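Q: Dropping a prediction and its sequence here:
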Amino acid sequence: MRAVTNAPTLKYTEKSNPSLIVPRAASRRRVDARMLARALALALALALAARTAHGATTTVVKPTLRAHVARRARVFSPGLDPAVERGAAAWFARLGFYALREAEAVGSGTWGGAATGSDGSFAKSYCVDARANASTVDAYDYVGWLPMANAIEDMIAAHADAKVILFETICTEWWTHASAARAEAAKLGARCGCSSGSRSSASECGDSSYHYCDVYPCLWNRAFGSAAPVEETWKRAYIERVRAIKAAVPSDRILTVPMTTNSFSHATAVKISKEIAEFLGISDDTDAFSEAYPFVVLRDVSQTELGKGAVAWSIIVLLLSVWILFLAHRKDPVRKFLRRRLKLRMC
C-alpha cells in the first residue's frame with residue numbers, strides 16, 4: 001500500500017472542538033485576576049511611597065532635636081520677606097524646631113522628615129480679635145512671617161523668654177518677593193471664594209478651626225496698607241516697619257541678619273548659622289553646629305531631608321514595586337529576558 005504524502009493537516013478551532021473554549025476562557029480569567037492583583041499591589045506600594053516622601057500631613061508632632069542642637073529656644077521672626085521667611089521656617093524645622101509660618105505648621109512626619117499641617121489660630125486671632133492672642137503660639141519654637149511682623153510688640157511683651165531674629169533684605173529684592181507672594185495669595189483667595197462671598201470648603205482653604213478668608217486680605221491690608229501691591233506705598237511701609245521693629249525690641253533680644261535669596265558662599269552660610277546658634281544658645285558646639293546646618297534659604301519645606309527610617313522604607317517600597325511589576329511571575333517578559341542574559345553570561 002502506498003503512503004499518503006499529501007494528507008490534509010487537521011486544525012482544531014473553537015468551532016471544530018468546543019471543548020477548547022473552556023480552557024481558553026479560564027486562562028483569560030486567570031490572567032485577568034493576576035493583572036488585577038498586580039495592579040492593586042502596585043497601587044498600595046505607590047500609596048506607601050507617597051506617604052513616605054511627604055510625611056503625615058494630618059498629624060504634625062513636635063520634632064526631635066537634631067545632632068549638635070542641645071536645647072530649644074523660642075524664636076520670633078518678624079521679617080517681611082516671604083521668600084526668606086519660608087526658607088527660615090524650613091531651616092529651623094530641620095533643626096528639630098516646631099515652626100509656624102503664617103497658618104502653616106511645620107513639624108516631624110510619621111515617616112521621618114518634615115510634615116506640614118494647618119494652624120490658623122494666630123493669624124485668625126490677629127485679624128478677627130481686637131489684638132492677637134499671644135497664647136496661640138505657645139506650642140511653637142519658631143514663629144515667622146505675617147502676622148508676626150505686625151504683632152511683634154505684643155508677642156515679646158507676652159513671652160519674656162522669646163528672642164527675635166530679623167532677616168532684612170534690600171528693598172528692591174523684597175518688593176519682588178512680596179509682590180509675587182501677594183499674587184499667589186490672591187489666586188488662593190479667589191479659589192477659596194474670599195472675593196465672591198461664597199467660601200469654598202476645599203482643604204487648601206483651611207480646616208475646621210479657620211478659613212483662609214478669615215486672614216486674607218486682612219494680613220496684607222494691615223501689613224502694607226492695601227491688598228493690591230502699590231510699589232511706592234508698600235516699599236515705604238516695609239522700611240518704616242523694619243525701623244519700628246528694631247526700635248521696639250530690646251537690643252539684647254534681637255539679632256538683625258542681612259539676607260538675600262541669591263546664592264552666597266558656604267563660608268557665609270556657616271557664619272550666619274554660627275551667629276544664630278550663639279545668639280539663641282541652642283548648641284554647645286557652635287562650630288560643629290554651623291558646619292552641619294549652614295543657613296541656606298531653602299525654597300520650601302518639602303526640601304527638608306527625610307529621616308533615615310523614611311529613606312530605608314522608600315527603598316523597600318521601590319524594590320517591592322519592581323518585583324511586583326516585573327519579576328513576580330515566571331512568564332513575565334522582563335524575568336525571561338534577565339534569565340536569558342544570565343545564562344548567556346554564564347556560558
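A: All right, it came through fine.

Q: From residue 86, how far off is residue 179?
A: In this view, residue 179 and residue 86 are 15 Å apart by CB to CB, to the nearest Å. C-beta: built from backbone N, CA, C; applies to glycine.

Q: Between the two, tell me which one has more neighbours.
A: residue 86 (23 against 15; other CB atoms under 10 Å).

Q: doesn't residue 99 make contact with that one?
A: No: look at residue 86 against residue 99 with CB atoms under 8 Å: they stay out of range, at 10.5 Å.

Q: Confirm that residue 143 sits in a helix.
A: No: counting by DSSP: H, G, I helix; E, B strand; the rest coil, residue 143 is not part of a helix but strand.

Q: And for it, the neighbour number?
A: 28.

Q: same thing with the one 10 residues further on?
A: Neighbourhood size, residue 153 [other CB under 10 Å]: 14.

Q: Give me the nearest residue to it, chain neighbours excluded.
A: Nearest in space to residue 153, with sequence neighbours left out and distances taken as CB to CB, 6 or more residues apart in numbering, is residue 248 at 5.0 Å.

Q: what sits against the one you found?
A: With contact set as CB atoms under 8 Å, 6 or more residues apart in numbering, residue 248 has these partners: 152, 153, 156.

Q: any idea how far it is from residue 201?
A: Distance from residue 248 to residue 201, by CB to CB: 39 Å.

Q: which other residues reach stretch 268-280?
A: 73, 75, 163, 165, 255, 257, 283, 286-287, 289-291, 293-296.

Q: again, but for stretch 141-150
A: 72-80, 82, 85-86, 88-89, 92-93, 97-102, 122-123, 126-127, 132, 137, 155, 219-220, 222-223, 241, 245.

Q: in the protein, which spans are helices?
A: Using DSSP state H, the helices of the chain run over residues 21-54, 82-95, 121-128, 148-158, 171-191, 218-224, 231-248, 266-280, 286-292, 308-322, 333-346.

Q: Provide the count of other residues in contact range of the residue nearest to residue 215 when sequence neighbours are not counted.
A: Spatial nearest neighbour of residue 215, excluding adjacent residues (CB to CB, 6+ apart): residue 123 at 4.3 Å. Residue 123: 27 surrounding residues under other CB under 10 Å.

Q: Residue 123 touches residue 102, doesn't it?
A: Yes: if you go by CB under 8 Å, residue 123 and residue 102 touch, sitting 5.8 Å apart.

Q: Need the residues touching each of the two.
A: 146, 147, 215, 219.

Q: How much space separates the last one from residue 167?
A: Translated: residue 219. For residue 219, the distance to residue 167 (CB to CB) stands at 18 Å.

Q: And for the first one?
A: Separation of residue 146 from residue 167 (CB to CB): 14 Å.

Q: Just give me the neighbour total for the closest residue to residue 239 other than its chain neighbours.
A: The spatially closest residue to residue 239, leaving aside those adjacent along the chain, is residue 171, at 6.4 Å (CB to CB, 6+ apart). Other residues within reach of residue 171, judged by other CB under 10 Å, total 14.

Q: ditto for residue 177
A: The burial count for residue 177: 18, using other CB under 10 Å.

Q: cool, and residue 191?
A: 13.

Q: Equivalent analysis for residue 128, please.
A: Residue 128, neighbours per other CB under 10 Å, totals 13.

Q: Domain boundaries for the chain, per the record?
A: 33-59+307-339, 63-305 (automatic domain parsing).

Q: which of the ones you listed is buried the deepest?
A: domain 63-305 (a mean of 18; mean count of other CB atoms under 10 Å).

Q: Low-confidence ranges, the protein, go.
A: 1-61, 108-114, 298-314, 317-318, 321-339, 341-347 (pLDDT under 70).
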